[in-house]
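> can't give you the sequence, but here's the structure:
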């Protein structure tokens, strides 16, 4: 999109990159039916995972990201899990609305984003931080095989590149 | 890390569920909490497991027991994991709770 002004930059992030170990974490993981504490390592032990960090549920970038992933049927290629600061109740609504096979971690204190170095302190919302939009393809060994982190606000993943990376795991 | 053998289906702030939690904690029994829909008619995940949409409900992988109703569950926990449980099994009574 060409805009006649500069989009807000978020600066470089010191996030895990290809070949590095993805930090493990445990949080309530919300499905369409219930939520329970799960660790990322438990999920990757069962197969590769696409970990999607997104703005709070209801913000348009979250909607756009899931819609694009749904339209590309990414949920048929890899297990997709999201992560945002929204509560489990909001995640349930998101999962219903997006009609996409996804489970979403609830992380209101944004600690997972801190572990991944993808924190975005929100301007105009005192005391609120959330993850930058980011996607990580993590394999069975919990090694990062593909990483993309937004450096502008807003910015969206390169979905073609992401899909190419999915073909490799 | 393996999941605890006991799964507790619960609803946030449900006093009957908290009653069961208190008993599990008292006996140091590890369990995995699954929080379900507040709306009774939408609790199919529980119904598939127990045949009823009522919570609390537990599934005990140690014994194969599935049950609802806090009174029944508390009685079951006392019988199975309480201090006077016949042959209290150390292996199944691991520390923690989650």
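Looks like it came in fine. These figures come from a predicted structure and were not determined experimentally.
> Report the secondary structure element holding the residue of chain B found nearest chain A.
Nearest to chain A, among the residues of chain B, is residue B:45, at 3.8 Å (Cβ to the nearest Cβ). Backbone N, C-alpha and C define where each C-beta goes, glycine included. Following DSSP states H and E, one finds residue B:45 within helix B:44-50.
> Please enumerate the helices of chain B.
B:15-26, B:44-50, B:70-81 (DSSP state H).
> likewise chain A?
Using DSSP H, helices in chain A cover A:40-44, A:60-71, A:88-98, A:111-115, A:159-166.
> Would you mind giving those as CSV with mean pLDDT added?
CSV is the format used below for the helices of chain A (pLDDT from 0 to 100):
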stretch, mean pLDDT
helix A:40-44, 98
helix A:60-71, 97
helix A:88-98, 96
helix A:111-115, 98
helix A:159-166, 98
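> Make a markdown table from the ones you listed and add mean neighbour count and distance to chain B to it.
Shown next, in a markdown table, are those (neighbours: other Cβ atoms under 10 Å in any protein chain shown; distance: least, Cβ to the nearest Cβ, whole Å):
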| stretch | mean neighbour count | distance to chain B |
| --- | --- | --- |
| helix A:40-44 | 19 | 7 |
| helix A:60-71 | 17 | 21 |
| helix A:88-98 | 18 | 7 |
| helix A:111-115 | 18 | 17 |
| helix A:159-166 | 15 | 27 |
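> Up against chain A, what does chain B have?
B:1, B:3, B:9, B:32-37, B:44-45, B:98 (Cβ under 8 Å from any Cβ of the partner chain).
> Now do the worst-scoring helix or strand of chain B on mean pLDDT: distance to the chain's middle.
Using mean pLDDT, DSSP states H and E, helix B:44-50 stands out as the lowest-scoring helix or strand of chain B, at a mean of 94. A distance of 14 Å separates the centroid of the chain from that of helix B:44-50, by Cα atoms, centre = their mean, to the nearest Å.
> Pick out the most distant pair among the residues of chain B next to chain A.
The most widely separated members of those, counting by Cβ to Cβ, are B:1 and B:44 (28.2 Å).
> which residue does chain A bring closest to chain B?
For chain A, Cβ to the nearest Cβ, closest residue to chain B: residue A:33, 3.8 Å.
> Please tell me I have it right and that residue contacts residue B:47.
No - using Cβ atoms under 8 Å, residue A:33 is not in contact with residue B:47, being 10.5 Å away.
> Between the two ends of stretch B:53-73, how far is it?
End-to-end distance of stretch B:53-73 (Cα to Cα, to the nearest Å): 15 Å.
> now do stretch A:24-44
Using Cα to Cα, the end-to-end distance of stretch A:24-44 comes to 10 Å.
> now do stretch B:55-74
Stretch B:55-74: ends 13 Å apart by Cα to Cα.
> residues making contact with it?
With contact meaning Cβ atoms under 8 Å, 6 or more residues apart in numbering or on different chains, stretch B:55-74 is reached by B:5-11, B:14, B:16-17, B:19-20, B:23, B:31, B:36, B:43, B:46, B:49-50, B:52, B:54, B:76, B:80, B:89, B:92.
> Buried by neighbour count: which residues of that stretch qualify?
For stretch B:55-74, a neighbour-count test (16 or more other Cβ atoms under 10 Å in any protein chain shown) marks B:55-60, B:68-70, B:73-74 as buried.
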